[in-house]
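J.: Sequence first, predicted coordinates after that:
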Amino acid sequence: MKSLTSLWSCTANEMAVRCRTSATLDIKTVKSRFEHEGLSFLAITLADFGKATQKWLDQGFVVPSDVPSFKRARLTGLPAFLQGFLGRVFDPCSGALLDNPDIEAIYAIRQLTLMFSKIALPSHSERNENQSNSRKVVSTDRERRAMSDFLQCEQEVKESDELLDPQFLVDLKRMSDLLFGGLFAKVDRDIYWGRTVPKHGPGAVADRLSSNAKWGQRTWTTRLQRVFPADEFLIPNHSFKNELDKELHLLEPGEEVPVRVISVPKTLKTPRIIAIEPTAMQYAQQALSRALRSALEEDGFLRRTIGFTDQEPNRQMACTGSHSGETATLDLSEASDRVSNQHVLAMLDGYPHLLEAIQSTRSRKADVPGHGVIRLAKYASMGSALCFPIEAMVFLTVIFLGIERELSAPLSRKELIRLFSEQVRVFGDDLIVPRDYVLSVVNELHTFGYVVNVSKSYWTGRFRESCGREYFDGHDVSIVKVREVLPTQRQDASGVISTVALRNQLYWAGAWGSVRWLDDYLGKLLKHFPNVAPTSPLLGRESCLGYEFQTLDPNTHSPLTKGYYVSAKPPIDNLDGAGALLKCLLRNHPEIGDFALSTEDPRDPLPSADAGHLERSGRPERVDIKLGRRSPY
């Protein structure tokens with residue numbers, strides 16, 4: 001664990017040289033506090049300091065009380081920690097943001113404080129240091145609090161539904177029709193004519209079926225049956241109908257499997273809560289998700305204002321907004337869990353087939369650890385295939401309602417396109433809105449029960465953040481974060497893979513000193529650690545100087561280099577019969593095209609690159625690294 005402080009010290013010295021200051025006292029502080037507070041100092045306390053700094057950049061002055069666990073310098077109003085860097089950004093006497101702050105110092109402060117903010121809980125490492133008992137208690141307590149917060153959020157959604165003036169739902173419906181009327185009508189027709197194509201996602205399911213076993217499912221719900229008949233979704237063709245009739249198990253609403261609520265690592269401070277959907281629900285949700293996304297891509301305006309896969313437009317708008325100040329970036333707390341089903345019902349009123357399909361694929365109950373099965377007021381938690389597209393459409397609708405109220409006049413679609421197509425964009429819970437309307441938008445979001453995370457929303461200063469990238473006055477000040485504890489032996493495959501990725505990210509970020517430190521560290525673990533291109537399958541040092549190789553492939557005469565590569569086999573999961581045929585047909589369906597990236601001839605239903613998918617499927621149970629000769633590029 002001390003290797004983390006050694007890496008931090010190396011990075012601190014490097015940042016100090018770049019900013020023409022000293023980090024000697026800062027390094028002593030970090031080492032001392034780490035000895036007493038452990039990993040929580042790096043991952044929580046230090047990260048809180050970084051978040052406070054971002055707030056100061058936005059509001060334009062330092063508030064030392066935001067970081068009570070750090071002492072103030074005697075001669076200035078700034079915190080004593082990192083004062084050499086802070087003094088190049090804020091006035092040492094008044095604490096006000098300088099007119100021309102040092103961009104390098106801003107980057108350095110963020111890198112040094114937020115470097116470990118996303119590190120995963122290292123249970124095996126802590127056991128080696130006899131710290132597991134205390135850490136387990138803390139982890140369990142945090143998980144309990146997270147589950148309690150999940151229930152509290154659910155209660156707040158119900159209360160918000162009760163308090164909301166019905167006129168606001170009328171307005172929501174009107175604006176939704178203005179934005180998505182054509183899209184909803186198209187998907188409504190697709191559902192009526194049976195043009196939706198289902199598929200199984202890669203994740204776990206509430207009924208705990210393996211990856212290939214999903215294709216042989218024979219459990220359906222009566223709600224789904226009305227919209228998505230089982231004989232059209234669960235079998236390859238009607239020659240298997242007799243077999244399906246014998247095995248099909250239809251569940252009434254009261255018998256349906258609830259979503260399984262679990263926690264997954266997010267930060268050391270707080271886990272992320274997601275809900276694992278039942279197989280039948282997830283299968284049908286994928287069909288609707290595909291139809292909604294496809295229809296959205298056909299609308300030029302919506303394609304510019306909602307993103308599902310490409311985060312770059314959000315980042316470019318945030319960068320531009322940090323310099324011009326014309327746009328604001330907003331972040332929502334517990335965004336997915338606060339989308340009320342009542343909002344979705346209001347928006348889809350008038351599209352009967354789509355409305356019934358959306359509701360039939362929605363899980364109504366959740367199994368929450370420690371609290372039992374509860375009825376849900378939210379539309380869906382993170383984990384549903386429809387959560388992301390539905391929440392994006394709801395948020396965009398509310399944003400334009402907020403803009404409309406500020407203007408005190410209804411907007412037409414032409415006006416939306418002409419005035420706001422380059423100033424509004426939604427990607428999940430990352431929202432970009434015009435700064436002139438931000439307060440009205442925030443108020444509208446609160447009216448509908450959504451909570452704007454003020455600590456991660458920016459509009460007053462020159463700092464902006466969206467989709468994992470941060471900008472100040474048009475400069476990219478995004479940092480590299482450590483995701484796992486550094487490995488102590490080569491057998492820790494996950495740790496080695498993560499550390500090699502960290503090394504290469506720091507290389508392209510220009511942190512040469514930290515890269516040299518990691519090269520030495522990894523060189524002691526890996527006997528072979530060659531220079532490789534970013535596209536190489538080998539674990540190696542990426543470099544702008546190119547790759548190295550020792551020999552040529554005797555068959556293709558292409559370069560080969562000796563090094564370690566990732567070996568991860570999907571688990572054995574045999575599939576045959578109707579399920580195997582259904583999987584092959586849907587995987588080669590033109591609407592899905594899973595094979596397009598893995599085969600030279602997309603017409604081939606069983607390309608050699610994935611020929612064993614009926615014998616092995618699913619996420620690998622373990623990941624190893626092996627030594628061998630592979631391409632360096």
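T.: Nice, thanks for sending it over.
J.: buried sites along the helix or strand containing residue 250?
T.: Taking DSSP states H and E as the definition, residue 250 sits inside strand 249-251. Using 16 or more other C-beta atoms under 10 Å as the test for burial, strand 249-251 gives residue 251. No exception for glycine: its C-beta is placed from N, CA and C like everyone else's.
J.: now it: mean pLDDT?
T.: Averaging pLDDT along strand 249-251 gives 95.
J.: Show me what it is packed up against.
T.: strand 219-221, helix 222-227 (3 or more C-beta pairs under 8 Å, 6 or more residues apart in numbering; DSSP states H and E).
J.: what's that strand in contact with?
T.: 218, 219, 220, 221, 222, 225, 230, 257 (C-beta atoms under 8 Å, 6 or more residues apart in numbering).
J.: nearest to residue 68, of those residues?
T.: Relative to residue 68, the closest of the contacts of strand 249-251 is residue 257; by C-beta to C-beta it sits at 46.7 Å.
J.: Need phi/psi at residue 426.
T.: Note on residue 426: backbone dihedrals following degrees, to the nearest 10 are phi -130, psi 130.
J.: check contacts around residue 59.
T.: Shown in contact with residue 59 (C-beta under 8 Å, 6+ apart): 460, 461.
J.: could you check the distance from it over to residue 105?
T.: Taking C-beta to C-beta, to the nearest Å as the measure, residue 59 falls 18 Å from residue 105.
J.: Tell me the spacing between the nearest residue to residue 97 once chain neighbours are set aside and residue 287.
T.: Leaving aside its sequence neighbours, residue 97 sits nearest to residue 60 (C-beta to C-beta, 6 or more residues apart in numbering; 4.5 Å). Noted for residue 60: a distance of 50 Å to residue 287, by C-beta to C-beta.
J.: out of those two, which sits in the busier spot?
T.: Using other C-beta atoms under 10 Å as the criterion, residue 60 and residue 287 rank with residue 287 on top: 24 against 15.
J.: tell me which element the more buried one falls in.
T.: Per DSSP H and E: helix 279-297 holds residue 287.
J.: And for residue 391?
T.: Going by DSSP H and E, residue 391 is in helix 387-407.
J.: one step back: mean pLDDT added to the helices and strands packed on strand 249-251, as CSV?
T.: Shown next, in CSV, are these (pLDDT from 0 to 100):
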stretch, mean pLDDT
strand 219-221, 96
helix 222-227, 96
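J.: out of the ones you listed, deepest packed?
T.: Each of these was given a mean neighbour count from mean count of other C-beta atoms under 10 Å, and the largest, a mean of 22, is that of strand 219-221.
J.: so where is the chain shaky, pLDDT-wise?
T.: Residue ranges of the chain with pLDDT under 70: 121-139, 590-611.
J.: Just put the helices and strands packed on strand 249-251 in TSV and tack on distance to residue 564.
T.: As requested, these are exported to TSV (distance: least, C-beta to C-beta, whole Å):
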stretch	distance to residue 564
strand 219-221	43
helix 222-227	47
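J.: mind listing what's buried in whichever helix or strand comes after the helix holding residue 391?
T.: Per DSSP H and E, the first helix or strand lying C-terminal to helix 387-407 is helix 413-420. Neighbour counts over helix 413-420 (16+ other C-beta under 10 Å) mark 416, 420 as buried.
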